[in-house]
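Peer 1: Give the three-dimensional model of this entry:
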Amino acid sequence: MNNLITDFNSFGLVHIIALLLPLFIGVLFIITGLNATTERKRKTIRILFVILLLLVRGSRYLIDLCVGRFDIYDLLSLQICHIDLILLIICFFKPNKVLFHITFLVGIPMGLAVALLPGKVHPEPGLSRAVLFIASHMLLVVGPIYLALVDKMKLKLSYLFYIIGIGNVFIIVAYIANSLLGTNFLYIMYAPKGTVIEQLSNAFGWPGYAIAMDLIAFSVIIFLFCVNKMIERLYRSFSLPD
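Peer 2: The predicted structure follows:
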């Protein structure tokens, strides 16, 4: 079993495999879902995807337990990707417009950012845990795309404004909770070492890096919404009437 690594090679062979494998599996799920002829079959496929989500994410915690570094506070922490995982699972069992917007507009950019920029430091057993870490976040990217393509869920402008507003309120609440509890929800109190957030902290200091994260996040959310609408419009323009 390999030990902690502090020099993970971003976009090396292992990283690329960890990115592409869950993406490939997600495409298979989407193709299977599009070809499902009944709602019962589509529901079964959604349940299987949830099981996959839990297996990949759960394997990380099982590894932590085996090497003696499992932390219940990490499992229950109010980080965005943890919340997104819970909301995505709920949405897969019972598709919901509000939850879909959150998982699509927030979950996709957050999951993709973590998967593409996983940092150089990964705890014991190092490489295998890094792969699970990347793969679990890529599945958070694939999940909402599945709901959009298979279950025909669409983004609405009104929900975009709600998410931006609620997101900023959540940041304020997280700051108050962090101040009272000495925690670091959303990483807004200090930057984790060996991450892109640390680079932002080095460039802008505190609270500059937290403000930068907020601006980047909401810029990406608006950009993702616009791209989605452009794709929908192109799809309608090229679709031929029956």
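
Peer 1: pLDDT of the helix or strand containing Asn202, averaged?
Peer 2: In this assignment (DSSP states H and E), Asn202 forms part of helix 196-204. For helix 196-204, mean pLDDT is 86.

Peer 1: Which helix or strand lies directly C-terminal to that helix?
Peer 2: Tracing the chain past helix 196-204, the next element assigned as helix or strand by DSSP H and E is helix 208-238.

Peer 1: Run the angle between that following helix and helix 196-204 for me.
Peer 2: In terms of direction (axes from the mean of the first three to the mean of the last three CA atoms, to 10 degrees), helix 208-238 departs from helix 196-204 by 120 degrees.

Peer 1: buried stuff in helix 208-238?
Peer 2: In terms of neighbour count (16 or more other CB atoms under 10 Å), helix 208-238 has its buried residues at Tyr209, Ala210, Met213, Asp214, Ala217, Phe218, Val220, Ile221, Leu224, Phe225, Asn228. For the C-beta atoms, the positions are set from N, CA and C on the backbone; glycine is no exception.

Peer 1: related to what we said a few turns ago, got the buried residues for the helix holding Asn202?
Peer 2: Under the neighbour-count criterion of 16+ other CB under 10 Å, helix 196-204 has Val196, Ile197, Glu198, Leu200, Ser201 buried.

Peer 1: Show me where the chain dips below the pLDDT cut-off.
Peer 2: Counting by pLDDT under 70, the chain contains low-confidence ranges at 1-2, 70, 72-78, 238-242.

Peer 1: one more time with 80, if that's ok
Peer 2: Low-confidence segments of the chain, defined by pLDDT under 80: 1-7, 67-80, 119-126, 193-196, 235-242.

Peer 1: How far off centre is whichever helix or strand Leu180 is part of?
Peer 2: Mapping Leu180 onto the secondary structure by DSSP H and E places it in helix 157-181. The offset between the C-alpha centroid of helix 157-181 and the centroid of the whole chain comes to 17 Å, using CA atoms, centre = their mean, to the nearest Å.

Peer 1: List the contacts of that helix.
Peer 2: Helix 157-181 is contacted by residues 78, 97-98, 101-102, 105-106, 183-186, 188-189, 210, 214, 217-218, 221-222, 225 when judged by CB atoms under 8 Å, 6 or more residues apart in numbering.

Peer 1: Could you check the angle it makes with helix 208-238?
Peer 2: The directions of helix 157-181 and helix 208-238 differ by 160 degrees, with the same axes, to 10 degrees as the criterion.
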